[in-house]
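Student: sequence first, predicted model second:
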Amino acid sequence: MIETKTNYPWGHAKRYNDSTNYYKKLFSQRIQKISVDAGMTCPNRDGSKGSGGCIYCDNLTFNPFYCSPEKSITQQLEEGITFFSKKYKTQKYLAYFQAFTNTYADFNILKKLYDEALAHPSVIGIVIGTRPDCINEEILDYLSFLAKKYYIVVEYGMESCYNKTLDFINRCHTFEDSIKAVEMTVNRNIIIGAHFIFGLPGETTEMILNEAKIISQLPINTLKLHQLQIIKETAIEKIFNSNPDLIIHFSAESYIELMVDFIERVKPSIVLERFISESPREKIAFPDWKGIKNFEIVHRIEKRLSERNTWQGKYF
């Protein structure tokens, strides 16, 4: 008999601590992120730590059509809001600095960019995607100041808990850097997000599930997960073509089962923002999931949670 619970720690009947309900509870309305491209680069691209970037990276696969560093932050926000307001009439927005490393610039440049985004009357906060080795006290002090009035998130691209993996993918930082960044950020009234990729070269399902335990020990607030997608004409495509067994061959079904196993092991207080990534199908070299959409995978994960009578943190 399937157990029906309504007393999960996150306060609703969904079997995991999802972002939609989290935002509704926090803001009493729907919240939409608007991606903006601030024209940044990364230290593993510009030569300061390395070159070529992460071996899987192609930022064009997730930058919306209106994102361009040639446009001002305000123009990108206006175009993004125009696009989303056709679907959702009443909502507020978060400016999402997503492409590349969005704390990797002179402080005065960063301050100007963040202030411009927050000056928009429909924007109630910013989400800053960055690397854990590209943060400092000056930036965090200013973000903490902004957090007195706005919703401020720093989203650290940790990608893996394993230094061997981070080295292989040319990340040019360690997991110890991730821990240090979180420790610097905590207790500043800044929301701490983490981003991980599952199926990176050399990792096993056992290693991935062990990451649930490691991640849950960090004082993070939100977590984004997605499968490795091998994008055409990236460095990892050449590696995959020469050694395909180096990477787990997830089918959609096996990945869904892994996600359910992972969710069971994650600390209940962590908001799960994403399980899946969907790049343009024509750009994907592997895996071929026949065009299954993000929402379909999420629906199937939720269905399996119910079928298995399980929930986030059941085995935490």
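Tutor: Right, received. Where do you want to start?
Student: in stretch 27-34, what's buried?
Tutor: Within stretch 27-34, the residues scored as buried using 16 or more other CB atoms under 10 Å are I31, Q32, K33, I34. C-beta here means a position set from N, CA and C on the backbone, and glycine is covered the same way.
Student: which residues touch whichever helix or strand E237 is part of?
Tutor: Using DSSP states H and E, E237 sits within helix 235-242. With contact meaning CB atoms under 8 Å, 6 or more residues apart in numbering, helix 235-242 is reached by G52, I55, Y56, I169, N170, P201, I230, I231, L246, I247, A285, F286.
Student: ok, the fourth one - contacts?
Tutor: Think I169. Contacts of I169 by CB under 8 Å, 6+ apart are C54, I55, Y56, E159, S160, L200, P201, I236.
Student: the first one now?
Tutor: The neighbours of G52, taking CB under 8 Å, 6+ apart as the test, are N44, R45, N170, A235.
Student: can those residues go into CSV with extra columns for neighbour count and distance to L77?
Tutor: CSV is the format used below for the contacts of G52 (neighbours: other CB atoms under 10 Å; distance: CB to CB, whole Å):
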residue, neighbour count, distance to L77
N44, 23, 28
R45, 20, 26
N170, 19, 32
A235, 15, 33
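Student: now, among these, which is nearest to F262?
Tutor: N170 (25.2 Å; CB to CB).
Student: check what pLDDT the closest one gets.
Tutor: Note on N170: pLDDT of 97.
Student: do the same with L60
Tutor: 65.
Student: over to R281?
Tutor: On the pLDDT scale, R281 is placed at 87.
Student: then the one 3 residues further on?
Tutor: According to the model's per-residue confidence, I284 sits at a pLDDT of 93.
Student: any idea how far it is from S277?
Tutor: I284 sits 10 Å away from S277 when distances are taken as CB to CB, to the nearest Å.
Student: do the same with S28
Tutor: Remark: distance between S28 and S277 (CB to CB) = 29 Å.
Student: mind jotting down where the strands sit in the stretch 201-316 of the chain?
Tutor: Here the stretch 201-316 of the chain has its strands, by DSSP state E, counting those that start in this stretch, at 222-227, 230-231, 271-274, 284-286.
Student: partner strands of the longest one and their direction?
Tutor: Sheet pairing here is set by DSSP bridges, and for strand 222-227 it gives strand 191-198 (parallel), strand 271-274 (parallel).
Student: now the longest one: buried residues?
Tutor: Residues I191, I192, G193, A194, H195, F196, I197, F198 are the ones in strand 191-198 that count as buried (16+ other CB under 10 Å).
Student: give me the number of residues near the closest residue to the fourth one other than its chain neighbours?
Tutor: Distance criterion CB to CB, 6 or more residues apart in numbering; nearest residue to A194, sequence neighbours excluded, is I220 at 4.8 Å. The number of residues packed near I220 is 23, by other CB atoms under 10 Å.
Student: was I right to think I220 contacts V271?
Tutor: No - look at I220 against V271 with CB atoms under 8 Å: they stay out of range, at 9.3 Å.
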